[in-house]
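Visitor: What would the 3D arrangement of this be:
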Amino acid sequence: MNGKSSRRRQLLQFRWKEYGLGYLFMLPWMIGFVAFVAFPIGWSLWNSFNQVFITSEGFKYTWVGLDNFRRMLIENNAYPIILLTYLQEVLLIIPLILIFSFVVSLLLNEKFPGRGWMRALFFLPVIFATGQVIMELFVQGAGELPFMEQYNLDVILRQYFSETTASMLLGILGKAVIILWYSGVQILIFIAGFQTIPKTVYEAVRVDGASPWESFWKITFPGMLPFIGLNAVYTIVDLFTFPFNPVLEIVRSNMFSPTTGYGYASAMAWLYFAIILLLLGLTLWLTYRATKGRGELR
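Guide: Residues are numbered from 1 along each chain as shown. Below is the predicted model of the structure:
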């Protein structure tokens, strides 16, 4: 018994000598994570199972179990409809952003005069269109496309498509500027991904007689799959935290409502958070499956 405890103590001493300095450097981050991330998340989860109101004496908690979730999904039909509508729009916008940023990065990866300026031009919206700035731009009408009213696209789409499909397409066209503004980081990641593919591979397949189209599908696209997955994860997080997100707006409005309160709003937020985690998990799984046989993901 003493021998086992002695070996365990020696193992702990060895680990501390090897990793102790690293743990000390990580300590400020760990303290900040527990205080500013883990505790608020745990408190929010606790609130979702309670009825919480702010009184003159502080927060008042009443345990209600899953009642907040039942009311949110069964009694209040507005929130599930808004959530599903926004989810539908996001699932259509994400591929558009990925395709747009991939094509643009493919062009910007070529050598041409002014390539550096063009790269900076596509990244500028990421710097300017953030937070309160993008909200002010939308208030001033910078996020709208003038040709939609000029050519009366609203009437045309509703004439040839169903009401649901037309509303969805109009919503995407109305967010076309967002697709441009929210593609800067993805473009840079794709450009960095193109640099990881050795040029000698392209030279070898060119000698073997492969066409540019064949080299794209046999070399470029398989090599970019991990970066496509990375950009998909980034885009999901970016869009679900969009300032004009209607889901977050309804959560904020219920948070300070005298009839619902923090508990009901926390239940809304946790359902929203669960959907985001599900999408992220699905994206990572698909990326892993797509890159598993090519040795790109280790």
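Visitor: Residue 269: neighbour count?
Guide: 21 (other C-beta atoms under 10 Å). From N, CA and C alone the C-beta is placed, and that goes for glycine too.
Visitor: do residue 239 as well
Guide: Around residue 239 there are 20 residues (other C-beta under 10 Å).
Visitor: got a pLDDT number for it?
Guide: What the model reports for residue 239 is a pLDDT of 84.
Visitor: hang on, isn't it packed against residue 90?
Guide: Yes. Under the criterion of C-beta atoms under 8 Å, residue 239 makes contact with residue 90 at 5.1 Å.
Visitor: How about stretch 277-294, which residues are buried there?
Guide: 279, 283, 287, 290-291 (16 or more other C-beta atoms under 10 Å).
Visitor: Kindly report the same for stretch 51-70.
Guide: Under 16+ other C-beta under 10 Å, the buried positions of stretch 51-70 are 51-52, 64, 67-69.
Visitor: Kindly report the same for stretch 85-92.
Guide: Result for stretch 85-92 [16+ other C-beta under 10 Å]: buried residues 85-87, 89-90.
Visitor: Go through these and flag which are in helices.
Guide: 85-87, 89-90 (DSSP state H).
Visitor: Make JSON lines from the residues you listed and add distance to residue 79 to it.
Guide: What follows is these, written out as JSON lines (distance: C-beta to C-beta, whole Å):
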{"residue": "85", "distance to residue 79": "11"}
{"residue": "86", "distance to residue 79": "11"}
{"residue": "87", "distance to residue 79": "12"}
{"residue": "89", "distance to residue 79": "16"}
{"residue": "90", "distance to residue 79": "16"}
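Visitor: So for those, which is the shakiest by pLDDT?
Guide: For these, the pLDDT minimum is residue 89, 80.
Visitor: about what we covered before: now the two most distant members of the buried residues of stretch 277-294.
Guide: In the buried residues of stretch 277-294, the most distant members under the criterion C-beta to C-beta are 279 and 291, with 18.6 Å between them.
Visitor: Please give me every residue in contact with the residue nearest the centre of the chain.
Guide: Geometric centre of the chain, nearest residue: residue 237, 1.6 Å, by C-alpha atoms, centre = their mean. If you count contacts by C-beta atoms under 8 Å, 6 or more residues apart in numbering, residue 237 has them with 276, 280.
Visitor: helix or strand for residue 225, which one?
Guide: helix 221-240 (DSSP states H and E).
Visitor: The helix or strand following that helix packs against which elements?
Guide: Sequence-wise, the next helix or strand downstream of helix 221-240 (DSSP H and E) is helix 246-255. Packed against helix 246-255 by the contact rule (3 or more C-beta pairs under 8 Å, 6 or more residues apart in numbering; DSSP states H and E) you find helix 78-108, helix 262-292.
Visitor: Now do the same contact list for residue 106.
Guide: Residue 106 touches 190, 194, counting by C-beta under 8 Å, 6+ apart.
Visitor: ok, now how distant is it from residue 165?
Guide: 30 Å (C-beta to C-beta, to the nearest Å).
Visitor: same thing with residue 6?
Guide: Distance, residue 6 to residue 165, by C-beta to C-beta: 72 Å.
Visitor: Show me which of the ones in helices among the buried residues of stretch 85-92 is closest to residue 116.
Guide: When those are ranked by distance to residue 116 (C-beta to C-beta), residue 90 comes first, at 32.5 Å.
Visitor: The closest one touches residue 245, doesn't it?
Guide: No. Residue 90 is beyond contact range of residue 245, at 9.3 Å (criterion: C-beta under 8 Å).
Visitor: just to revisit the earlier point, turn the buried residues of stretch 51-70 into CSV, including distance to residue 101, pLDDT and secondary structure.
Guide: Shown next, in CSV, are the buried residues of stretch 51-70 (distance: C-beta to C-beta, whole Å; pLDDT from 0 to 100; DSSP: H, G, I helix; E, B strand; the rest coil):
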residue, distance to residue 101, pLDDT, secondary structure
51, 44, 82, strand
52, 41, 77, strand
64, 45, 79, coil
67, 43, 84, helix
68, 39, 82, helix
69, 37, 86, helix
